[in-house]
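*Asks:* Okay, predicted coordinates and the sequence, questions at the end:
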Amino acid sequence: MDSILIINIKQLVGIQENINLRYLKGKEMSVLNIIENAFLYVENELIADFGKMEDINLEYYNSSKIEDAQGKLVLPTWCDSHTHLVFAGYRQNEFVDKIKGLTYEQIAANGGGILNSAQLLQKTTEDDLYQSASRRLVEIMKLGTGAVEIKSGYGLDTVSEIKMLRVIKRLKENFNIPIKATFLGAHAVPQNFKNRREDYITEIVEKMLPQIAAENLADYCDVFCDRGFFTIDETDKILSAAAKLGLQAKIHANELDFSGGIQVGVKNNALSVDHLECTGKEEIEVLLKSQTMPTLLPSTAFFLGIDFPPARLMIDSGLPISLASDYNPGSSPSGNMNFILSLACIKLKILPEEAFNAATINAAYAMGMEKESGSITKGKQASIIITEKIENYTYLPYAFGNHYIDKVMIRGEFV
Ligand code: NIG
Ligand code: FE
């Protein structure tokens, strides 16, 4: 039996006693449960016990490896519920175009953007994609991410979309980190379907989705429902076809406009609707009546220089929110969740406690993993961050641009 005992933890952060807790909303989000001077006992990949040092069961000392965390904090790893980390190349040229004043939509209209990534990916072998994605995966694991969702969507034809999903499947098989796969064939209308977009929707519904479901290559289905990308009706059609095949929705919505994406996502019982820079009262009302997790991607708004989503209003209205990195070559070329927490506090004006809960328990829910991940709870996966010696948890989002992580454990194994 593999066991490890972590002792003298200055603060054990992010405790939830109830393994059936799904997510935190509204005022609940500002409560972060902590034990000062704590121990944590890990057995067979799972959190087996924790408590105050003075209450420790002495038998643990005899039967386990000991890790002395004097002066350090322990918290659950981040869950990153929205990434596109399988891609063929970076897009630094567009970065420069943006600096010179072009918008994300202008770059896309000029054949850049997602279509640029698709062209490159179609020419790249599955092995090469697997190698580069593996490197990115290891990079984010070292930065404290302990569960991740990865999307397709840079293939934009049946063969290349399947190629991407096979890469994600190989990552699932070869890495200890839990991964969820999302099919995003409706990321952009490919060039050769420009004047017959309905044929591309048919291709997604009749060809891609059935094959993906038959090979069990995806857990979720995504659509970029926004101005200039996919309409509400197209989104509805794709999501209902996906649901019939057992794929729940997790969609891109309301990044560029009040697109109706949030409403069509909720109507289709989406697990999460993501981006939400354009969210008002009407959208909040719809979300309040749903079990759909509003997921905010502040590094995208930061990188593109667009307005940030109204996180404060959402939480104050009683909603939950989750946070994710959106790691992708076009709008967020970083998967550093530590920076996401800083941005959330600084730019979304949410409290450190709210940011922690948004990036852990609520983010776990946004990828269907709240029973296994997202909090310090007996029976959940032992996926934890051991920080460097710092004063308290607020230091982490405060000291932006660095991460102060000493060690990361994912399912009982140090990364
Ligand atoms: O989440 N908004 C749509 N998709 C990605 C960007 C993809 C890209 O530009 O390559 C996003 O921001
Ligand atoms: Fe995205």
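*Replies:* Received the coordinates, thanks. Ligands and ions are numbered 1, 2, ... in the order given.

*Asks:* only C-alpha atoms for contact and neighbour calcs from this point on.
*Replies:* OK.

*Asks:* How about the residues of the stretch 201-350 of the chain by ligand 1?
*Replies:* Proximity of the stretch 201-350 of the chain to ligand 1 (CA under 6 Å from any ligand atom) is limited to residues 224, 326, 328-331.

*Asks:* hmm, try it at 8 Å
*Replies:* The stretch 201-350 of the chain comes close to ligand 1 at residues 224, 252, 255, 275, 300, 326-332, as judged by CA under 8 Å from any ligand atom.

*Asks:* Next step: the residues you listed restricted to helices.
*Replies:* residue 300 (DSSP state H).

*Asks:* Going along the chain, name the strands of the stretch 251-400 of the chain.
*Replies:* Per DSSP state E, counting those that start in this stretch, the stretch 251-400 of the chain has strands spanning 272-275, 293-296, 322-323, 384-389. These are given in chain order.

*Asks:* Report how many residues lie close to the one residue in the chain that gets nearest to ligand 1.
*Replies:* Nearest residue of the chain to ligand 1: residue 330, at 3.6 Å (CA to the nearest ligand atom). Here the number of neighbours of residue 330 (other CA atoms under 10 Å) works out to 24.

*Asks:* what residues are up against it?
*Replies:* Residue 330 makes contact with 90-91, 94, 113-114 under the criterion CA atoms under 8 Å, 6 or more residues apart in numbering.

*Asks:* 10 Å instead, please
*Replies:* 84, 89-92, 94-95, 104, 108, 112-114, 116-117, 300, 303-304 (CA atoms under 10 Å, 6 or more residues apart in numbering).

*Asks:* I figured residue 27 hits residue 319, correct?
*Replies:* Yes. Using CA atoms under 10 Å, residue 27 is in contact with residue 319, at 8.9 Å.

*Asks:* Could you check which of those two is surrounded by more residues?
*Replies:* The neighbour comparison of residue 27 against residue 319 (other CA under 10 Å) goes to residue 319, with 26 against 14.

*Asks:* Just the pLDDT at that one, thanks.
*Replies:* Residue 319 carries a pLDDT score of 98 in this model.

*Asks:* Over to residue 220?
*Replies:* 98.

*Asks:* ditto for residue 1
*Replies:* 57.

*Asks:* where does this protein have low pLDDT?
*Replies:* 1 (pLDDT under 70).

*Asks:* which ones are touching the most centrally placed residue in it?
*Replies:* Nearest residue to the geometric centre of the chain (CA atoms, centre = their mean): residue 81, 2.0 Å. Residue 81 makes contacts with 147-151, 179-180, 250, 272, 274, 295, 322-326, 359-360, 362-369, as judged by CA under 10 Å, 6+ apart.

*Asks:* Contacts for stretch 49-58, please.
*Replies:* Contacts of stretch 49-58 (CA under 10 Å, 6+ apart): 5-9, 11-12, 15, 34-43, 60, 376-379.

*Asks:* ok, back up a step: same list, the residues of the stretch 201-350 of the chain next to ligand 1, but as JSON lines with distance to residue 282 please.
*Replies:* Shown next, in JSON lines, are those (distance: CA to CA, whole Å):
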{"residue": "224", "distance to residue 282": "20"}
{"residue": "252", "distance to residue 282": "18"}
{"residue": "255", "distance to residue 282": "16"}
{"residue": "275", "distance to residue 282": "16"}
{"residue": "300", "distance to residue 282": "23"}
{"residue": "326", "distance to residue 282": "25"}
{"residue": "327", "distance to residue 282": "29"}
{"residue": "328", "distance to residue 282": "30"}
{"residue": "329", "distance to residue 282": "32"}
{"residue": "330", "distance to residue 282": "30"}
{"residue": "331", "distance to residue 282": "27"}
{"residue": "332", "distance to residue 282": "28"}
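
*Asks:* Is it possible to mark the buried ones in the residues of the stretch 201-350 of the chain next to ligand 1?
*Replies:* Among those, those classed as buried by 16 or more other CA atoms under 10 Å are 224, 252, 255, 275, 300, 326-332.

*Asks:* List just the nearest of the residues you listed to residue 23.
*Replies:* Distance to residue 23, by CA to CA, is smallest for residue 275 among these, at 18.7 Å.

*Asks:* Would you confirm that the closest one contacts residue 293?
*Replies:* No. Using CA under 10 Å, residue 275 is not in contact with residue 293; the gap is 11.2 Å.

*Asks:* who touches both of the two?
*Replies:* Joint contacts of residue 275 and residue 293 (CA under 10 Å, 6+ apart) are residue 323.

*Asks:* and the gap between the residue lying closest to residue 284 once chain neighbours are set aside and residue 294?
*Replies:* Leaving aside its sequence neighbours, residue 284 sits nearest to residue 314 (CA to CA, 6 or more residues apart in numbering; 6.8 Å). Using CA to CA, to the nearest Å, residue 314 is found at 9 Å from residue 294.

*Asks:* And for residue 184?
*Replies:* 18 Å.

*Asks:* try residue 106
*Replies:* From residue 106 to residue 294 the distance is 27 Å (CA to CA).

*Asks:* repeat for residue 18
*Replies:* From residue 18 to residue 294 the distance is 22 Å (CA to CA).

*Asks:* Looking at those two now, which is surrounded by more residues?
*Replies:* residue 294 (27 against 12).

*Asks:* about what we covered before: return the most buried member of the strands of the stretch 251-400 of the chain.
*Replies:* Stretch with highest mean neighbour count among those: strand 322-323 (a mean of 32; mean count of other CA atoms under 10 Å).

*Asks:* can you list the residues that contact that one?
*Replies:* 23-25, 78-82, 272, 274-275, 293-299, 311, 337, 340-341, 344, 354-366.
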